[in-house]
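Asks: Next input, structure requested:
(2 chains, ligands or ions: 2)
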Amino acid sequence: MTEQAMRPQFMGARVKRVEDPRLLTGQARYVDDIEVPGMLEVAFVRSPHAAAKILSMDLEAARHAPGVRAVWTFEDCPVMLWQRDTYEVGQPVLAHDEVRYVGEPIVAIIAENRYLAEDAAELVTIRYETKTPVLDMVDAIAESPRRVHPEAQNVFFHKVYASKGFDEAFNAAEHHLSETFRTTRQTAVTLEPRCTAAMLDPASGRMTIYASTQSPHRVRSDMCELLGWDENQIRVIVPEVGGGFGMKANTYPEDIIVVSAAQKLRKPVKWVSDRTESLLSDVHARDDIHEAEVAFNSDGKIVGFRDHLMADGGAYPAYPFSGAVGETSLASRVLTGPYDIPYIATTIDCTYSNKTPLGAYRGVWGPIASFVQEGLIDRVARALGKDPADIRRINMIRPDQFPYRNSAGMVYDQGSYGESMEEALKLVDYKEFRRRQDTLRHEGRYVGIGISVFVEPTAMASSEAGSVGYESVFIRIEPTGKVTAAFGLGPTGQGHETTMAQLIADQVGVNFEDVVILHGDTDSAPFGGGTGGSRSGPIGGGAALVAGREMRARLVKLAAHLLEAGEEDIELGAGKAWVAGVPDRAMTIKELAEVAYTHVKRIPEGLPIGLELVARYQPKRAVSFSNGTHIAEVEVDVLSGLIRVLNYVVVNDCGRLINPMIVEGQIQGGVAQGIGSAFLESLRYDEHGQLVTTSLMDYLLPEATEVPRITTRHLVTPSEGEGGIKGMGEGSLIGAPAALVNAVSDALAPFGAMVRQLPVLPNDVLDWVNA
Amino acid sequence: MATKTPIRLTINHESYDVEVEPRWLLSDVIRHQLGLIGTHVGCEQGVCGACTILVDGKPERSCLVFAVQAEGADITTVEGLSTDPQHLTALQESFRDHHALQCGYCTSGMLLTATALLKKEPHPTEDAIREALSGNVCRCTGYQFIVDAILAVANGSKEVQE
Ligand code: FES
Ligand code: FES
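Replies: Ligands and ions are numbered 1, 2, ... in the order given. I've put the predicted structure just below:
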């Protein structure tokens, strides 16, 4: 690498996003903006019951309704998600003999437009014989009241782990305390609902799928696997996507129906979810119970954690990964967070139930594990009458311990754990807060502070965005000297067209404006995993750096030959190559490209014609940990039970920053979602298994008046990977709920309150106050 | 099939003659009949604010209005601000400067709500801005940068164009 590439111009700069102008002017195209002549639309008849046998279906009236082109049941599209392979059960894309959750699709109506499809859906009559629904997680694990799938045990994932010598060490500790932590179902609620369109290309006979997804190549692979297509017969295009947050990393039954219908009816077909359908059928998340126990000594040193992790996976494992398994597995391995806790023992049980399948929502395991881990730390502090910050100091992994192997076997790379906490404490003026808290308590006002120190495993070998641990970049310098680079990433608002261009511009030596980033088209992008698990920055960005560097090497070779200089003397920048110290001996990259494409006789021996290549990057480490500290200050009104966030501070360390503005946007957005997770959002089922939160009037999202001003600071502990980049899309939501609810526990300490359920609602507050 | 009624809509100072079914939502007609796709639909329940347009200068949810009810009204959609990336309005520019958008799905509604606010109250406080935005959900940004973008316009010299 030359000196200049090591001092990047664009990486680290607050470059304004290239995506913005089209979004700000209303010109961007999302899936629902794709309209093709003759396009049909789909509406689904969904199960009104949590558990029932289907006795009969009367579809005649719907078939003859105006504008209806087809009415489909399972027979018309006999596809199973999970063909009873990994798990013993498979999900029919349309339920036929039995329904297993409210909202499960049963009949697809394909009509000239959505209004007519919905009209016809009303005309479908289905007779059911209801069954006792399986709704309670703990009962379900004990196979009560029955099995959700007669052929399979309710527990579909069970795992036990204990570090060596656990029992002895755990029992020998001076103190023990236990708590049951509960998170309730939440979901991503992307503002753009799920949607898919598909059409055959009349010229080639290939299928084009417009998908609102985080992972274009995964959609293509899933379609091939489930519908028997060949990869070269499918093109997946991902236009603008209005948010993903993990929820759009799955392939859903509706996607299969749309593609199948486009194939069989030979018509363009589109389905766009309405909000009620979304809340019913987008994957849910965070339905977990942790029966946790901590062993510690009087000096505050924690010896070990024991935890029984349970998750309600819903009626089927979501395809192609179960959120229940994702949430518990990783939680069990990172439960000790940033702390040096030598012993851990975990048991995992994931169960089926008659609820919507559990999938991913930003942070997946993290918000739950942080809530448990930071909740236990605060309990230890309270039990010993010590300051919660001190208990954290005593147990924090020290800088000299890196690389650190935690008690569950995960290896952490360098981080700034203690430093991030001290910095955050300074920002909130912790001592002063304690004084103020005391004074206010005497006036009958309850303010509290919550600390959450988190680790965020990023850039993992596998994640919800697929099981590939690498990313690929196809890069080309066009004959005009401009750069085009294509990625297999699936941005849903993260601004990859900007950040990836920043990285490439530095490496190739061109201006930022001269780089165009392509993504979301399997015809142009090399195979890639997509976006999820905080992998796009470190792995996608790493691939961008490698591709840019390889291209740079090509340019240097070519320029050295043409300028008759040594390769080591060639400098590149601002669209030019020149001989170091002799700026007059220069060629523009455009001139170099002309040689590479047109005057090819001038290309030196050993260099290929043209300027294009594919580069791949797989980090050496299996995982790279970002970290940080969140501190929340809240005031709890003990009369109304209302909680107000007064102040919020984040000190974040995600290694080298590509674009601080975008990183800060991710932090702000994640903390807002954390406020939703901590105080508002809850998908509630009644005793019959009906989801009662089916509109945004019932499932409450944070609004502008509920999110405070958030102060952010960056620390930089580079990763050992390309560019020193670590991922960071999820950390803000991993850290936030724990900080917020710990602040509530702190505020209500005079009432002995300790939050053990997410979200905390005003009634919970009143229960503590009036106890 | 239900009979259609001819109506004339005035949107962004242009008039459009369309035939609509009485039950068609204004949001659907704007998007699918007129091709003004900058108006987004996030819930059709009147909660998220993504579909916000200005009706006679006031923010309204186009998913809660039937197209036939909008005859005679003066409607502004996001396309009525600026559709030229080279010449954004001060507010659009400020959104870009402050990173007030990520996925962009809520953005049209945010811009129109803010436009109406600044027209009525050129120098609102932060609280007034947050209050005005409280009917517009953004799942990506956490609102602060949207608030900052609006504050910057309010404190700057540039007029808000409509
Ligand atoms: S789409 Fe109209 S308020 Fe949500
Ligand atoms: S930018 Fe995505 S919802 Fe606001």
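
Asks: So which bits of the stretch 451-600 of chain A are right by ligand 1?
Replies: Taking CB under 6 Å from any ligand atom, no part of the stretch 451-600 of chain A reaches ligand 1. In this view, the C-beta of every residue, glycine as well, is placed from N, C-alpha and C.

Asks: With chain B instead?
Replies: For chain B, the residues in contact with ligand 1 (CB under 6 Å from any ligand atom) are B:Val41, B:Gly42, B:Cys43, B:Glu44, B:Gly46, B:Val47, B:Cys48, B:Gly49, B:Ala50, B:Cys51, B:Arg61, B:Cys63.

Asks: Please enumerate the helices of chain B.
Replies: Under the criterion DSSP state H, chain B carries helices at the ranges B:26-28, B:90-97, B:107-120, B:126-133, B:144-155.

Asks: Output those helices as CSV; include the columns mean pLDDT, mean neighbour count and distance to A:Ser536.
Replies: Shown next, in CSV, are those (pLDDT from 0 to 100; neighbours: other CB atoms under 10 Å in any protein chain shown; distance: least, CB to CB, whole Å):
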stretch, mean pLDDT, mean neighbour count, distance to A:Ser536
helix B:26-28, 98, 24, 32
helix B:90-97, 98, 23, 22
helix B:107-120, 98, 24, 22
helix B:126-133, 98, 18, 29
helix B:144-155, 97, 22, 20
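
Asks: can you tell which of these is closest to A:Gly729?
Replies: Closest to A:Gly729 of these, according to CB to CB: helix B:144-155, at 16.6 Å.

Asks: just to revisit the earlier point, tabulate the helices of chain B (a markdown table), appending distance to A:Ala424.
Replies: Listed next are those as a markdown table, based on distance: least, CB to CB, whole Å:
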| stretch | distance to A:Ala424 |
| --- | --- |
| helix B:26-28 | 44 |
| helix B:90-97 | 28 |
| helix B:107-120 | 30 |
| helix B:126-133 | 23 |
| helix B:144-155 | 18 |
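
Asks: distance of A:Tyr115 from B:Leu25?
Replies: Relative to B:Leu25, A:Tyr115 is positioned 9 Å away (CB to CB, to the nearest Å).

Asks: contacts with chain A among the residues of chain B next to ligand 1, please.
Replies: When CB under 8 Å from any CB of the partner chain is taken as the criterion, the members of the residues of chain B next to ligand 1 that contact chain A are B:Val41, B:Gly42, B:Cys43, B:Glu44, B:Val47, B:Cys48, B:Ala50.

Asks: which residues touch the third one?
Replies: Listed by CB atoms under 8 Å, 6 or more residues apart in numbering or on different chains, the contact partners of B:Cys43 are A:Asp274, A:Arg275, A:Ser695, A:Leu696, B:Ala50, B:Cys63.

Asks: tell me the pLDDT at it?
Replies: For B:Cys43, the pLDDT comes out at 97.

Asks: Now the phi/psi pair for it, please.
Replies: B:Cys43 adopts backbone torsions of phi -150, psi -30, taken as degrees, to the nearest 10.

Asks: number of nearby residues for A:Lys426?
Replies: Residues lying near A:Lys426 (other CB atoms under 10 Å in any protein chain shown) number 13.

Asks: quick one on the thing from earlier: compare the contacts of B:Cys43 and tell me which is most surrounded.
Replies: B:Ala50 (27 neighbours).

Asks: Check the gap between the residue of the stretch 201-350 of chain A at minimum distance from ligand 2 and A:Ile675 for me.
Replies: Residue nearest to ligand 2 within the stretch 201-350 of chain A: A:Gly243 (5.1 Å; CB to the nearest ligand atom). When distance is defined by CB to CB, A:Gly243 is 17 Å away from A:Ile675.

Asks: Pull out the buried positions in stretch A:567-585.
Replies: By neighbour count on 16 or more other CB atoms under 10 Å in any protein chain shown, the buried set for stretch A:567-585 is A:Asp569, A:Ile570, A:Glu571, A:Leu572, A:Gly573, A:Gly575, A:Lys576, A:Ala577, A:Trp578, A:Val579, A:Arg585.

Asks: Nearest spatial neighbour of the last one, chain-adjacent residues omitted?
Replies: Spelled out, that is A:Arg585. Closest residue to A:Arg585 apart from its sequence neighbours, by CB to CB, 6 or more residues apart in numbering or on different chains: A:Val579 at 4.2 Å.

Asks: what bridges to that neighbour?
Replies: Using DSSP bridges, the beta-bridge partners of A:Val579 come out as A:Ile570, A:Val582.

Asks: Quick check: it touching A:Leu572?
Replies: No. Proximity of A:Val579 to A:Leu572 does not meet the contact threshold set by CB atoms under 8 Å, at 11.3 Å.

Asks: quick one, domains of chain B?
Replies: Chain B breaks down by automatic domain parsing into domains covering B:5-79, B:85-161.
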